[in-house]
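>>> Just need the structure, nothing else, for what follows:
(chains A, B, C and D)
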2 protein chains.
Amino acid sequence: MKPVTIADVAKYAEVSKSTVSQYLNQRYDYMGEKTKKRIEEAIKELGYSPNIVARSLKQKSTMTIGVIVANILHVFSTQVIRAIEDYCNKSDFHIIVCNADDDPAKEKRYIDMLRAKQVDGIIAFPTGDNVELYNRLIKDDYPIVFIDRNVSDVPISTVMLDNEKASRLAIDEFVKKGYRNIAMFTPPLKRDINPRVERIKGYKEGLKKHNLSFHSKYLVSGEISELQGKMDEILQGSNHLDAILAMNDRVLFEILKYAKANQLRIPEDFALIGIDDVSFASFYSPALTTIAQPAFEMGKKAAELLLEKIKNKDMTCNYEIHRFEPELVVRSSC
Amino acid sequence: MKPVTIADVAKYAEVSKSTVSQYLNQRYDYMGEKTKKRIEEAIKELGYSPNIVARSLKQKSTMTIGVIVANILHVFSTQVIRAIEDYCNKSDFHIIVCNADDDPAKEKRYIDMLRAKQVDGIIAFPTGDNVELYNRLIKDDYPIVFIDRNVSDVPISTVMLDNEKASRLAIDEFVKKGYRNIAMFTPPLKRDINPRVERIKGYKEGLKKHNLSFHSKYLVSGEISELQGKMDEILQGSNHLDAILAMNDRVLFEILKYAKANQLRIPEDFALIGIDDVSFASFYSPALTTIAQPAFEMGKKAAELLLEKIKNKDMTCNYEIHRFEPELVVRSSC
DNA sequence: CTGAAAGCGCTTACAG
DNA sequence: CTGAAAGCGCTTACAG
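Here you go, the predicted model:
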């Protein structure tokens, strides 16, 4: 059964294709009532539905945007995607989801493919390593917005957490509760992934603000798999470590595993605050004090910005960084 | 800057569009070396990249599939999507993600839109309430596969967990550890969502197998928000409830919250097994015994089946249900 | 070995 | 108020 086209409808309704097209696009300013009726009926009778690919080719708009996340398995990405989808849905946009896995080559491939597919714009968690490509997009006036991270010297509007504040909030809370020897645990810092850099900056600033000095041995970084070993070192040593700030949920997991395996009590043996409000925070024992990111608001904002850019392509592409406020959720781990 | 087209390349290379097209599609059986070189250079010089929308229109294939999940915020959906994306990526397919929220109207809208967009096929977590539409798809020989749930009397290939077995595994484990008064907690059962029905069936069978009788008061269902109240009732009453099977992760959360709020000990006050291997299961206190679903394998299988159908559209569309094995992960909550 | 022509299914000035 | 025609950017027989 071959699909029915606008030509079939036209023939059935005994009008021209143009007229059917007018009808489809609700331009019935001057359309005769009878004509309208006939077309309506023909469409129903034949079960016609327009081929959007053909329309896209002509109109140069696919009503689709690409979303390139680092990894959809991260809860934050998932929430961002959901928010984007909800927002786009209202404007009849669809989203193509891609996982770049923090791999610049994969990211490049996806961006190229998405453009070839003529998506109207892209929202990306940039790897940061395709500067040339990013600049090309800007030069082409291609609608794009970054989320979670930005890239230095690449003026693309970005939606980000106020990462420094996230760390500061945690430090303030630790200090308020009487902890002084505060460590920060983080994944590797090789590539300059912006949020990590900023969170560490916030950590240092937070210490300073309270007249606590920064000790590099308290900034513990390593692959997720190495973190348990590193905990061993620092906790066994003669450090009077009494509090830990976890850079993100994955790091938090490792700390929690370690505590359980070694029967350490939280917050008695060490207090703990994690950035990212994990799903089980409220009913863990102890309930976990966390710094929550407004993921949905951030996703929504990114979608708003992108659709805005798509609609006003001509407008001067004003570059802005939109910062969102982290929120301290006080529970019992600190 | 207007995009460069195949015509521009042709002019620049001084050949015809046909020849450029041949080149793009790697049909250089009889192409002269010099021609090839010239085209290659022209493409590079002009920064040409083919417009896939135009190609799609002609070839009637968009290299894109739609994935309609109930809700991307569920971890299971997320894992399934990731697996699908990875698999599709290898064949250069892209995926459009939609959240139907278990709303049949939304599902219908998405299916219609995806077809209008000419996606080559769809993978869906069906709501089950659009039987007419599903049958239409079958009649049109439209490539589609279901995942997680199937729909009675709708012969569309489906990838599912062996849900009955999931419950049976749990019951076996409870009994093995000496528990006899086993309750099952579940979200509402109004619509016949297949996995729920099957898990309850498995629960009953499991009891029977061990000569335990089924008491309807032990099958506790309600909206997520009501579950805590229901727990109160059943635990306060004079029931010697000593074990609970949680239908899914969301139900498990409520039980865990309740236990914490009321300082109940697991497994001393009641043993607990949850279907879905939640992220924190291994480091919760107690570590949670769970029934894990092979989400990635299931997503991959669904993608395989769909791409298979897309490639052999003519082949008789053999309808099969593919069952996947749940796995008991023994930890300390039972 | 390469090109002219038709066509995919729409939309959009432009006539009348 | 409606239709003929051109065109969006490709691909694909078919000639030569």
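>>> for whichever strand or helix holds residue A:171, what is the average pLDDT?
In the assignment (DSSP states H and E), residue A:171 maps to helix A:163-176. Regarding helix A:163-176, the rounded mean pLDDT is 98.
>>> Does anything pack onto that helix? Which helices or strands?
strand A:182-186, helix A:194-209, strand A:243-246, strand A:271-275, strand A:289-292, strand A:327-329 (3 or more C-beta pairs under 8 Å, 6 or more residues apart in numbering or on different chains; DSSP states H and E). Every C-beta, even on glycine, is put in place using the N, C-alpha and C of the backbone.
>>> mind redoing it with 7 Å?
If contacts are counted by 3 or more C-beta pairs under 7 Å, 6 or more residues apart in numbering or on different chains; DSSP states H and E, helix A:163-176 sits against helix A:194-209, strand A:243-246, strand A:271-275, strand A:289-292.
>>> Mind checking the ones you listed for the one nearest to residue A:66?
Closest to residue A:66 of the helices and strands packed on helix A:163-176 is helix A:194-209 (C-beta to C-beta; 21.1 Å).
>>> Buried residues, the helix holding residue A:171. List them.
Along helix A:163-176, these residues count as buried under the neighbour rule (16 or more other C-beta atoms under 10 Å in any protein chain shown): A:163, A:164, A:165, A:166, A:167, A:168, A:169, A:170, A:171, A:173, A:174, A:175.
>>> circling back: can I get the helices and strands packed on helix A:163-176 in JSON lines including distance to residue B:215, mean neighbour count and mean pLDDT?
What follows is the helices and strands packed on helix A:163-176, written out as JSON lines (distance: least, C-beta to C-beta, whole Å; neighbours: other C-beta atoms under 10 Å in any protein chain shown; pLDDT from 0 to 100):
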{"stretch": "helix A:194-209", "distance to residue B:215": "52", "mean neighbour count": "19", "mean pLDDT": "96"}
{"stretch": "strand A:243-246", "distance to residue B:215": "44", "mean neighbour count": "29", "mean pLDDT": "97"}
{"stretch": "strand A:271-275", "distance to residue B:215": "42", "mean neighbour count": "27", "mean pLDDT": "98"}
{"stretch": "strand A:289-292", "distance to residue B:215": "40", "mean neighbour count": "24", "mean pLDDT": "98"}
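>>> Adding distance to chain B, write the ones you listed out as a markdown table.
As requested, those are exported to a markdown table (distance: least, C-beta to the nearest C-beta, whole Å):
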| stretch | distance to chain B |
| --- | --- |
| helix A:194-209 | 21 |
| strand A:243-246 | 13 |
| strand A:271-275 | 12 |
| strand A:289-292 | 13 |
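>>> Doesn't residue A:97 belong to a helix?
No. Going by DSSP: H, G, I helix; E, B strand; the rest coil, the assignment for residue A:97 is strand, not a helix.
>>> is it true that it touches residue A:81?
Yes. Using C-beta atoms under 7 Å, residue A:97 is in contact with residue A:81, at 6.3 Å.
>>> what residues are shared contacts of those two?
Any residue near both residue A:97 and residue A:81 by C-beta atoms under 7 Å, 6 or more residues apart in numbering or on different chains counts here, and that gives A:67, A:72.
>>> Can you pull the residues of the stretch 51-200 of chain A lying near chain B?
A:51-54, A:56-57, A:62, A:72-73, A:78-79, A:81-82, A:85, A:94-97, A:99, A:112, A:116-118, A:140 (C-beta under 7 Å from any C-beta of the partner chain).
>>> Mind checking which of those are buried?
Buried among these by 16+ other C-beta under 10 Å: A:51-54, A:56-57, A:62, A:72, A:78-79, A:81-82, A:85, A:94-97, A:99, A:117-118.
>>> and DNA strand C, which of those residues contact it?
A:51, A:54, A:57 (C-beta under 7 Å from any atom of the strand).
>>> Relative to DNA strand D, which of these is nearest.
Top of the list for closeness to DNA strand D, among those and by C-beta to the nearest atom of the strand, is residue A:57 at 4.2 Å.
>>> Return the nearest residue of the stretch 151-300 of chain A with respect to DNA strand C.
residue A:157 (28.1 Å).
>>> Now do the same contact list for that residue.
By C-beta under 7 Å, 6+ apart, the contact list for residue A:157 reads A:145, A:305, A:319, A:320.
>>> Can you lay out the residues you listed as a markdown table showing secondary structure, pLDDT and distance to DNA strand C?
Output for the contacts of residue A:157, formatted as a markdown table (DSSP: H, G, I helix; E, B strand; the rest coil; pLDDT from 0 to 100; distance: C-beta to the nearest atom of the strand, whole Å):
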| residue | secondary structure | pLDDT | distance to DNA strand C |
| --- | --- | --- | --- |
| A:145 | strand | 97 | 26 |
| A:305 | helix | 96 | 25 |
| A:319 | coil | 89 | 30 |
| A:320 | coil | 93 | 31 |
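>>> Which of the residues you listed ranks first by neighbour count?
When neighbours are counted by other C-beta atoms under 10 Å in any protein chain shown, residue A:145 leads the contacts of residue A:157 with 24 neighbours.
>>> ok, now which ones touch that one?
Contact analysis of residue A:145 by C-beta under 7 Å, 6+ apart lists A:123, A:156, A:157, A:158, A:159, A:302, A:305, A:306.
>>> Restricted to helices, list these.
A:302, A:305, A:306 (DSSP state H).
>>> Let me have those in JSON lines, adding distance to DNA strand D as columns.
Output for these, formatted as JSON lines (distance: C-beta to the nearest atom of the strand, whole Å):
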{"residue": "A:302", "distance to DNA strand D": "28"}
{"residue": "A:305", "distance to DNA strand D": "26"}
{"residue": "A:306", "distance to DNA strand D": "23"}
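>>> from these, which is closest to residue A:220?
Set against residue A:220, the nearest of the ones in helices among the contacts of residue A:145 by C-beta to C-beta is residue A:302 (31.8 Å).
>>> surely the closest one meets residue A:158?
No. Residue A:302 sits out of contact with residue A:158 when judged by C-beta under 7 Å, with a separation of 8.6 Å.
>>> anything in contact with each of these two?
A:145, A:147.
>>> can you pull the contacts of the nearest residue to residue A:193 once chain neighbours are set aside?
Of all residues not flanking residue A:193 in the chain, residue A:149 sits nearest, at 6.1 Å (C-beta to C-beta, 6 or more residues apart in numbering or on different chains). With contact set as C-beta under 7 Å, 6+ apart, residue A:149 has these partners: A:125, A:126, A:128, A:160, A:193, A:194, A:195.
>>> if you set the cut-off to 8 Å instead, what comes out?
A:125, A:126, A:128, A:158, A:160, A:193, A:194, A:195 (C-beta atoms under 8 Å, 6 or more residues apart in numbering or on different chains).
>>> Show me what from the stretch 201-334 of chain A comes close to chain B.
A:253, A:256-257, A:259-260, A:278-280, A:282-285, A:287 (C-beta under 8 Å from any C-beta of the partner chain).
>>> Can you tell me the SS state at residue A:76?
Of the three states, residue A:76 takes helix under three-state DSSP.
>>> Skipping its backbone neighbours, what lies nearest it in space?
residue A:295 (5.3 Å).
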